[in-house]
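Undergrad: Got a predicted structure here, sequence first:
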Amino acid sequence: MIIVAGYLLVDPARRDAYLADCADVLAQARGTRGCLDFCQSPDLLDPARINIFELWDNREAVQAFRGSGPSGEQQSAITGASVSEYDIAGVRLLT
C-alpha cells in the first residue's frame, strides 16, 4: 500500500480556483484502478496551503496514474510544495 501526503502552496487569492480546477483530476484518480482515496483540501489555518492525501493499492497504480503530472497552468500556480510517498507494510483499522 502507498500513501502520498503533504501540501502545495499557492497564492491565497487563487486557492479556491486552483482546487476547483482539480475536480476533474480527483474524479479521474478515484476512478483509476488501485486508487483507494485521493483528495486535495484547503488548510483551515494557512490560506495558501492545500493538503494532499492519496491512498493506493500499490506503486504500479501510482505510476500508472501519474503520467504527465499537473498541467502547465496548475504547475505554474504552485509556489511551494512538500509531498512525500510512503510504502506501508501493514494497516490497522480504527473504525
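TA: Done, it's in. These numbers were taken from a predicted model, which means no experiment stands behind them. Numbering: from 1, shown residues only.
Undergrad: For the helix or strand of the chain with the lowest mean pLDDT, list every residue counted as buried.
TA: One helix or strand of the chain scores below all others by mean pLDDT, DSSP states H and E: helix 72-77, with a mean of 76. Residues of helix 72-77 classed as buried under the neighbour-count rule (16 or more other Cβ atoms under 10 Å) are Ala77. The way it works is simple: take the backbone N, C-alpha and C, and place the C-beta from them, glycine included.
Undergrad: Stretch 7-27 now?
TA: Going by neighbour count (16+ other Cβ under 10 Å), the buried part of stretch 7-27 is 7-10, 15, 18-19, 22.
Undergrad: Identify the residues contacting it?
TA: Under the criterion Cβ atoms under 8 Å, 6 or more residues apart in numbering, residues 38-43, 47-52, 70, 73-74, 77-83 lie in contact with stretch 7-27.
Undergrad: Need the distance between the two termini of that stretch.
TA: Stretch 7-27 stretches 19 Å from its first residue to its last (Cα to Cα, to the nearest Å).
Undergrad: who's in contact with the least confident helix or strand of the chain?
TA: The contact list for helix 72-77 (Cβ under 8 Å, 6+ apart) reads 10-11, 14, 18, 21-22, 69.
Undergrad: sorry, back to before: considering the buried residues of stretch 7-27, which is situated nearest to Leu93?
TA: The nearest member of these to Leu93, counting by Cβ to Cβ, is Tyr7 at 25.9 Å.
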